[in-house]
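*Asks:* Have a look; sequence and predicted model below, questions after that.
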Protein chains: 2
Amino acid sequence: MDIEKADTKERLLDAAERLFAERGVQETSVREITARAGANLAAVNYHFGSKDDLILAVIARRLGPLNEERLCLLDACEIPGSPLNLTLERALDSFIAPAIRLYLKHPYFMRLAGRIVFTADTQLRRLYITQFEKVYMKMRDLLAKLLPDLPKTELLWRIHFLLGAMINTHTNHADLYELSRGRCGIESVQRVADRLVAFCAAGFRAPVPTHNYPETGEWNDANASPTGGEG
Amino acid sequence: MDIEKADTKERLLDAAERLFAERGVQETSVREITARAGANLAAVNYHFGSKDDLILAVIARRLGPLNEERLCLLDACEIPGSPLNLTLERALDSFIAPAIRLYLKHPYFMRLAGRIVFTADTQLRRLYITQFEKVYMKMRDLLAKLLPDLPKTELLWRIHFLLGAMINTHTNHADLYELSRGRCGIESVQRVADRLVAFCAAGFRAPVPTHNYPETGEWNDANASPTGGEG
DNA sequence: GTCTATAACCTGATAGAC
DNA sequence: GTCTATCAGGTTATAGAC
């Protein structure tokens, strides 16, 4: 079997992934996608049903495996009886490193992923974030064990900071590359996970600013109202 | 003079700011903007010339003052002869606090600002980032003075992390609010600057991961080619 | 300044031939 | 499966009445 060219369906996914990352999801027309994939205008509707379904397929193709790897690595961190307070870096690395590796392999997708988190399209965001919730909760619980003295509210804020730092890293690295005149370039991205882990580990271990509020020990996941309002 | 209602031009800016933040720039039609502003469809073209010029006006109205305040506060940090190594928190606060304050006052704009940084629209991004460069360089130079032992490449990476953490904070705070079941809510956002400063200050002071590369002492701003390519 | 009507264009989706 | 042709609906921008 020759390598030749992939089938139309996969070529459409590749073309859409790249164009969505480069020009935006809403801003990319089906015509552009089919043109780049060397397919006919009707191909998207034939293979995927609609443009929306193509978007879902582009996301699902890579996001599922990414979060599976994270869950697997996070699980491996929980070795009973081991000195937990020494494994903060490992826990953070289990979450961060898979994303950096995927960025090296599929930079267009990871740029697209970051743009989706920061998009105003609530439907698309909701879909993406829903697939992320399991990883989030596992990491949150693991970090809570590793940092038992850190108030829960503070921990959640710091995870929020970590997420921003990581997403900016794999989405807008081109800015840093340009600003640094190539010194923070693609050849050093393999060390980015280490840098980001070091930065965030120190941040998580930082003393809590000033106040000291009463804290409950629960996440309140249980009594969650299904229709939680946004603030 | 009655408060009554602002003039059409300002009502258009307010409506556009909110709709751009909630639904996206490209996704918002002039029809929606004029409808919300209680103006006629032709009003945008009459007052601003085009939709693109309206976008510029929305950004310029608030971004200029924000960066002016940051420059002013960063300047105030440089007091000759003072113990510089104790003012890292103050330097970071000079950059972060104005953004958090603006988020409290105009949340729609700061959400829009974050979305623009993560948009695929290169023209819009370029415009936004250009207005940001002066603040960036001043903060970078100030941090370099405060952290003379930190390699320059490492410093640039850490500023990149800081930017992501801050932008995520004022753009996607609604997610954190929801995930925390209201515990990381709007009533505690006034303390967010302190939290973010503490997190990042610790990150900047963290030991450099492993390697130790030869470092030049310059930023290479001078011999910058005007058409720098993106990586 | 504000409005209506419309031009010129682009979009996603589809019917039907091959 | 792939193609052409086309539909129905949305977009920005503008000309011209008031």
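*Replies:* Noted; the coordinates are in hand.
*Asks:* When you work out contacts or count neighbours from here on, use the C-alpha atoms and nothing else.
*Replies:* OK.
*Asks:* Just give me the neighbour total for residue A:218.
*Replies:* 8 (other C-alpha atoms under 10 Å in any protein chain shown).
*Asks:* What of residue A:193?
*Replies:* If you count neighbours by other C-alpha under 10 Å, residue A:193 ends up with 23.
*Asks:* Kindly report the same for residue A:143.
*Replies:* By other C-alpha under 10 Å, neighbour count at residue A:143 equals 22.
*Asks:* Now do the contacts for it.
*Replies:* Applying C-alpha atoms under 8 Å, 6 or more residues apart in numbering or on different chains to residue A:143 gives the contacts A:88, A:91.
*Asks:* Report the mean confidence score over the helix or strand harbouring it.
*Replies:* Using DSSP states H and E, residue A:143 maps to helix A:133-146. For helix A:133-146, mean pLDDT is 97.
*Asks:* Buried ones in that helix, by neighbour count?
*Replies:* A:135, A:136, A:139, A:140, A:142, A:143, A:144, A:146 (16 or more other C-alpha atoms under 10 Å in any protein chain shown).
*Asks:* Let me know the next secondary structure element after that helix.
*Replies:* Remark: after helix A:133-146, the chain's next helix or strand is helix A:152-171, criterion DSSP H and E.
*Asks:* Using CSV, list the CA coordinates for the helix or strand following that next one.
*Replies:* Sequence order places helix A:173-179 as the next helix or strand after helix A:152-171, per DSSP H and E. Extracted C-alpha coordinates of helix A:173-179, given in CSV (Å, rounded to 0.1, in the frame of the first residue of the first chain):
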residue,chain,number,x,y,z
HIS,A,173,4.3,31.1,21.5
ALA,A,174,4.8,32.8,18.1
ASP,A,175,4.6,36.2,19.9
LEU,A,176,7.3,35.2,22.4
TYR,A,177,9.4,33.9,19.5
GLU,A,178,9.2,37.3,17.8
LEU,A,179,9.6,39.4,20.9
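*Asks:* does any part of helix A:173-179 sit near chain B?
*Replies:* Yes: Helix A:173-179 comes into contact with chain B (C-alpha under 8 Å from any C-alpha of the partner chain), by way of A:174, A:175, A:176, A:177, A:178.
*Asks:* what's the neighbour count on the second one?
*Replies:* Using other C-alpha under 10 Å as the criterion, residue A:175 is surrounded by 17 other residues.
*Asks:* Can you give me the domain assignment for chain A?
*Replies:* A:1-49, A:59-223 (automatic domain parsing).
*Asks:* Is the longest one positioned near DNA strand D?
*Replies:* No: on the criterion C-alpha under 7 Å from any atom of the strand, domain A:59-223 is out of touch with DNA strand D, staying 14.5 Å away.
*Asks:* So is that domain next to DNA strand C?
*Replies:* No: Domain A:59-223 lies out of reach of DNA strand C by C-alpha under 7 Å from any atom of the strand, never closer than 14.7 Å.
*Asks:* cool, and the shortest one?
*Replies:* Yes: if you take C-alpha under 7 Å from any atom of the strand as the test, domain A:1-49 does meet DNA strand C, through A:26, A:28, A:29, A:30, A:31, A:41, A:42, A:45, A:46, A:49.
*Asks:* hey, where'd the helices end up in chain A?
*Replies:* All helices of chain A, identified by DSSP state H, fall at A:8-23, A:30-36, A:43-48, A:51-77, A:88-105, A:107-117, A:122-130, A:133-146, A:152-171, A:173-179, A:192-205.
*Asks:* now the angle from the helix holding residue A:143 to helix A:122-130?
*Replies:* Here helix A:133-146 runs at 50 degrees with respect to helix A:122-130, directions being taken by axes from the mean of the first three to the mean of the last three C-alpha atoms, to 10 degrees.
*Asks:* Among the residues of helix A:173-179 next to chain B, pick out the one closest to residue B:162, please.
*Replies:* residue A:176 (12.2 Å; C-alpha to C-alpha).
*Asks:* picking that back up, what about the helices of chain A, which gets the closest to residue B:167?
*Replies:* helix A:152-171 (7.0 Å).
*Asks:* got the contact list for the closest one?
*Replies:* Contacts for helix A:152-171 (C-alpha under 8 Å, 6+ apart): A:96, A:99-100, A:103, A:107, A:110-115, A:140, A:144, A:196, A:200, A:203-204, A:208, A:215-217, A:219, B:118, B:160-169, B:176, B:180, B:183-184, B:195-196, B:199.
*Asks:* burial count for residue A:109?
*Replies:* There are 27 residues near residue A:109, going by other C-alpha under 10 Å.
*Asks:* now swap in the one 10 residues further on and tell me
*Replies:* Summarising burial for residue A:119: neighbours were counted as other C-alpha under 10 Å, giving 27.
*Asks:* Any figure for the gap between residue A:50 and residue A:113?
*Replies:* 20 Å (C-alpha to C-alpha, to the nearest Å).
*Asks:* Check residue A:201 too.
*Replies:* 24 Å.
*Asks:* Looking at residue A:50 and residue A:113, which is more packed in?
*Replies:* Between residue A:50 and residue A:113, counting by other C-alpha under 10 Å, residue A:113 is the more crowded of the two (23 against 14).
*Asks:* which residues sit in contact with the more buried one?
*Replies:* Contact analysis of residue A:113 by C-alpha under 8 Å, 6+ apart lists A:59, A:171.
*Asks:* Could you report the neighbour count for residue A:22?
*Replies:* Using other C-alpha under 10 Å, residue A:22 is surrounded by 19 other residues.
*Asks:* Local confidence estimate at the residue lying closest to it once chain neighbours are set aside?
*Replies:* Setting aside the residues directly before and after it, residue A:22 is nearest to residue B:120 in space (C-alpha to C-alpha, 6 or more residues apart in numbering or on different chains), at 5.7 Å. pLDDT, residue B:120: 98.
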